[in-house]
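Engineer: Give me a model of this one.
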Amino acid sequence: MSAPLTPKRRRNRNRGIAIVVLTALVVLAFVYLFFFLGRGGSEAVGSSLTDGAVASGETAASADGPAASSLASADSGKSGAASDAGDDAADPEPAYPSYYDPALAARYDAFAQARPDLTEDEVWWMVGCDLDKAPYTDTQAVPDPNSELLLVNKHYYLPDDYVPADLVTIGATQLRQEAAEHLQAMIDAAAAEGLNLWAQSGYRGYGVQVSLYNQYSAADGAEAADTYSARPGYSEHQTGLTCDMNTITDAFGDTAEGRWVAAHAHEYGYIVRYTPENSDVTLYKYEPWHLRYIGTEAAARMHDEGIASFEEYWVKYVK
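Structural biologist: Residues are numbered from 1 along each chain as shown. Down below sits the predicted model:
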């Protein structure tokens, strides 16, 4: 039998039991806090804050405490991003065509001021083929004389010694083979409709053009000659892709043959090179007899899109 507890020993035992119970309660409190707050407590707190805000007619951003502040910041960030995206959609970067050259921006501006009658697109392609420069000044050599899409005008010239390698005879003149074949097909098609077309003057070498230009300049003066005759090296006839048809008079355009050519030349890869509509671009007077071969695809595109000059086509689809 154990000895009866003295009052002192009884107090010590009760103190020990109290310490054990207190320690157990502290441990349970930590466990509760870990599981409740660490895993589900934050969701419960967030839910309570939101529910309280809705019930009181307030927004989450107006609730006190860090959780509400975070929600407000997040919403603000999303709203800002959406606003930025909306601004971008409403204000897209200007879309320039492929032939727009940023390096020519200063020339575009200067030409637009000098020619306020032009549209922005006209400024771009005209400057693209140097039409902002005076004719026969600061000119460039043709990159590839053998291309059927080469541009020869008062800004682009051929080498003095250039002679096409594939010249063939058609009628009383010569053309490059492909151009001659298509011209013959056009002559035959016109004949089937009772019309008489013939090739008068095709390929002309550099030396021949020297003689012709000097003759015209002596007769009419250089300024007048420049409106209907190319200077040596700047003549399309030297390409072997150009042919004068029938009679070299404006009246040809009013004949049945001239009207047929204007309507059907593109079907055979040819264009009437110098028209009243493009004289301010080509700087040549109207020549209804002067045909230039550029291939059926290019000629059809010019016809279908209403492109008035080869210069415009060249800048937009070749250069």
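Engineer: For the chain, which segments count as strands?
Structural biologist: Under the criterion DSSP state E, the chain contains strands at 140-141, 156-157, 167-170, 173-176, 199-201, 242-245, 270-274, 287-293.
Engineer: Can you say which of those strands is nearest to residue 131?
Structural biologist: Nearest to residue 131, of all those, is strand 156-157, at 11.3 Å by Cβ to Cβ. For every residue, glycine as well, the C-beta is placed using N, CA and C.
Engineer: So what touches the closest one?
Structural biologist: Identification of contacts with strand 156-157 by Cβ atoms under 8 Å, 6 or more residues apart in numbering yields 129, 130, 139, 140, 141, 142, 150, 233, 234.
Engineer: Which of these sits closest to residue 309?
Structural biologist: residue 129 (9.3 Å).
Engineer: list the contacts for the closest one?
Structural biologist: 151, 153, 155, 156, 311, 314, 315, 319.
Engineer: Number of residues surrounding the fourth one?
Structural biologist: Going back to what we said before, that points to residue 156. Close neighbours of residue 156, defined as other Cβ atoms under 10 Å, add up to 19.
Engineer: What distance do you get for it to residue 259?
Structural biologist: Separation of residue 156 from residue 259 (Cβ to Cβ, to the nearest Å) stands at 31 Å.
Engineer: Same question for the fifth one.
Structural biologist: Counting by Cβ to Cβ, the gap between residue 311 and residue 259 amounts to 25 Å.
Engineer: out of those two, which sits in the more crowded spot?
Structural biologist: Legend: neighbour count by other Cβ under 10 Å for residue 311 and residue 259, higher for residue 311 (23 against 14).
Engineer: Domain-wise, how is the protein divided?
Structural biologist: 9-79, 102-132, 139-318 (automatic domain parsing).
Engineer: Looking at the ones you listed, which one is packed in the most?
Structural biologist: With neighbours taken as mean count of other Cβ atoms under 10 Å, these reach their highest mean count in domain 139-318, at a mean of 18.
Engineer: gap between the residue nearest to residue 138 when sequence neighbours are not counted and residue 226?
Structural biologist: Excluding its sequence neighbours, the residue lying closest to residue 138 (Cβ to Cβ, 6 or more residues apart in numbering) is residue 130, at 7.4 Å. In this view, residue 130 and residue 226 are 16 Å apart by Cβ to Cβ.
Engineer: No further questions, thank you.
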